[in-house]
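Colleague: Below is the sequence, then the predicted model.
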2 protein chains.
Amino acid sequence: MANPTAAMLVIGDEILSGRTRDSNMNYLAKELTRAGIDLKEARIVSDSPNAIVKAVRSLSAAYDHVFTSGGIGPTHDDITAECVARAFDTPIGIRSDARALLEAHYARTGGELNAARLRMARIPDGATLIDNPVSTAPGFSIGNVHVMAGVPAVFEAMVASVLPTLTGGQPLLSQTLRIERGEGEIAGPLGDLAAEYPDLSIGSYPFQTNGIFGAHIVIRGHDGGQVDAAMTRLSELFA
Amino acid sequence: MANPTAAMLVIGDEILSGRTRDSNMNYLAKELTRAGIDLKEARIVSDSPNAIVKAVRSLSAAYDHVFTSGGIGPTHDDITAECVARAFDTPIGIRSDARALLEAHYARTGGELNAARLRMARIPDGATLIDNPVSTAPGFSIGNVHVMAGVPAVFEAMVASVLPTLTGGQPLLSQTLRIERGEGEIAGPLGDLAAEYPDLSIGSYPFQTNGIFGAHIVIRGHDGGQVDAAMTRLSELFA
């Protein structure tokens, strides 16, 4: 049976302006690979309501799971929760269990649960909270969309909270061979090998570092025996 | 007048599996910001013909420019050129000027222009070549889509070749203030300030490092005087 599919949606002008490098996508990609969920697409959109609503609808319809990152804090540019509610045509309001979490947190830390912070208790109707052991304010899952924070430590904690609740497939196995020859020299036999193993994905990733060039050949698949056999053939071809 | 808009399309299973971190998006984002072209969206798709064709069509219709990265080398998994041709419903074949570039390169370096390498001279009808001073094999522009290599050194050289040919707008100016207070404490006055300056984009990006937490407030806009004025107000508010 094919593995479940997933997409990631990163929300944030700061990534698109080049100010910040997103690191959440790479983290999620590795976790999903391990869980046997195939990440098929990632999108980065700006803090624009229409862009967010459109992307959530489109990805939610196309994949089994959608993971979002960013835009659920207390400031005016944190609009992800409202946009996800709109994408699902569902109301959003302050929810008592989310509010109770924040009240307990600020009572403990001595901060004030003001109007801005209370925005973080706004949850679309019908959603399930995602636990945030780092800074309390929860994420949420609605339908097949999992809405998480952008701060990497919080994002990673939320992924750890939500992933065990999903049904994964077979982990994707991979083996890599480094070949210090130009891609153009190895492409012919490599293409033949790929044609021999249609169930495997065989990728060639060229590198050039310190004057040395070549390619990393990565063989991926769900059947460990096949991956082993193809890697043995590959090593023989380019020994 | 509004700035031209752009999207980036990164093609590659190796990014979605978490094996590799994309760095081309961040590079392009900074270059476009400087050139006055607004990067509105980025997508990462797998090495799947349907996914690539669909993304090229959708982004090409929605934005003034589309920049792609990856999948134009000599191996069997390099399918970007064919897919872009399909997206534009145009034939693709080996083009004599691209072939001549490769012939001269391999004559100079002593390599063989074999069938795999000749694939890199396949260019959709009606495209313009993008110069590749690093490793010769050219990229190309067709319609509003600019097709470039995935290897960062080559991608960056191609961006340098193609950007001066495009008409940019006003560079986006930005100023940043670091505030060591929780976002929840500053969100109220910050939202008021954002409402006062509707032509500016005011973003709040929380951080937590070594036990210090706070937010970077970034004010962006095309009018330097407005950015200055808003930053002065911001500094007064949180002095």
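Modeller: Good, I have the coordinates. Numbering: from 1, shown residues only, chains lettered A, B, ... in the order given.
Colleague: Can you check the pLDDT for residue A:56?
Modeller: For residue A:56, the model assigns a pLDDT of 98.
Colleague: centroid residue for chain A?
Modeller: residue A:28 (3.9 Å; CA atoms, centre = their mean).
Colleague: That one and residue A:39 touch, don't they?
Modeller: Yes. At 7.0 Å, residue A:28 and residue A:39 qualify as touching, with contact defined as CB atoms under 8 Å. Quick note: C-beta positions are derived from backbone N, CA and C, even for glycine.
Colleague: shared neighbours, these two?
Modeller: A:8, B:18 (CB atoms under 8 Å, 6 or more residues apart in numbering or on different chains).
Colleague: So what touches the helix or strand of chain A with the lowest mean pLDDT?
Modeller: Ranking every helix and strand in chain A by mean pLDDT, DSSP states H and E puts strand A:201-209 at the bottom, with a mean of 85. The contact list for strand A:201-209 (CB under 8 Å, 6+ apart) reads A:183, A:186-187, A:190, A:193-194, A:213-221, A:230, B:13-14, B:19-20, B:47, B:73, B:75-77, B:135, B:151, B:153.
Colleague: quick check, the residue nearest to the centre of chain A in a helix?
Modeller: Yes. Assigned with DSSP: H, G, I helix; E, B strand; the rest coil, residue A:28 falls within a helix.
Colleague: list the contacts for it?
Modeller: Residue A:28 touches A:8, A:39, A:67, A:69, A:155, A:159, B:18, counting by CB under 8 Å, 6+ apart.
Colleague: what sits against the third one?
Modeller: Spelled out, it's residue A:67. Contacts of residue A:67 (CB under 8 Å, 6+ apart): A:6-9, A:28, A:146, A:148, A:159.
Colleague: and stretch A:11-21, what's its mean pLDDT?
Modeller: The pLDDT scores in stretch A:11-21 average 91.
Colleague: Kindly report the same for stretch A:185-193.
Modeller: 93.
Colleague: now swap in stretch A:31-50 and tell me
Modeller: pLDDT averaged over stretch A:31-50 gives 95.
Colleague: And stretch A:219-238, by the same measure?
Modeller: Computed over stretch A:219-238, the average pLDDT equals 93.
Colleague: Could you pull out the buried residues of that stretch?
Modeller: Within stretch A:219-238, the residues scored as buried using 16 or more other CB atoms under 10 Å in any protein chain shown are A:219-222, A:227, A:230-231, A:233-234, A:238.
Colleague: Give me the sheet partners of the helix or strand hosting residue A:8 and which way each runs.
Modeller: Element membership of residue A:8 [criterion: DSSP states H and E] is strand A:5-11. Strands that pair with strand A:5-11, judged by DSSP bridges, come out as strand A:38-45 (parallel), strand A:65-69 (parallel).
Colleague: just those: most buried one?
Modeller: Of all the strands paired with strand A:5-11, strand A:65-69 has the most neighbours on average by mean count of other CB atoms under 10 Å in any protein chain shown, namely a mean of 28.
Colleague: And the next helix or strand past that one?
Modeller: Toward the C-terminus from strand A:65-69 - assigned by DSSP H and E - lies helix A:80-87.
Colleague: Reformat the contacts of residue A:28 as CSV; add distance to residue B:106.
Modeller: Formatted as CSV, the contacts of residue A:28 follow (distance: CB to CB, whole Å):
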residue, distance to residue B:106
A:8, 40
A:39, 37
A:67, 45
A:69, 45
A:155, 47
A:159, 47
B:18, 35
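Colleague: between these, which is nearest residue A:111?
Modeller: residue A:155 (21.8 Å; CB to CB).
Colleague: any idea how far the closest one lies from residue B:144?
Modeller: With distances taken as CB to CB, to the nearest Å, residue A:155 is found 34 Å from residue B:144.
Colleague: cool, residue A:165 as well?
Modeller: 42 Å.
Colleague: These two: which is more packed in?
Modeller: More neighbours surround residue B:144 than the other of residue A:165 and residue B:144, with 17 against 10 (other CB atoms under 10 Å in any protein chain shown).
Colleague: Quickly list what the nearest residue to the more buried one once chain neighbours are set aside is bridged to.
Modeller: Sequence neighbours aside, residue B:65 is the residue nearest to residue B:144 in space, at 5.3 Å (criterion: CB to CB, 6 or more residues apart in numbering or on different chains). Beta-bridge pairing for residue B:65 (DSSP bridges): residue B:6.
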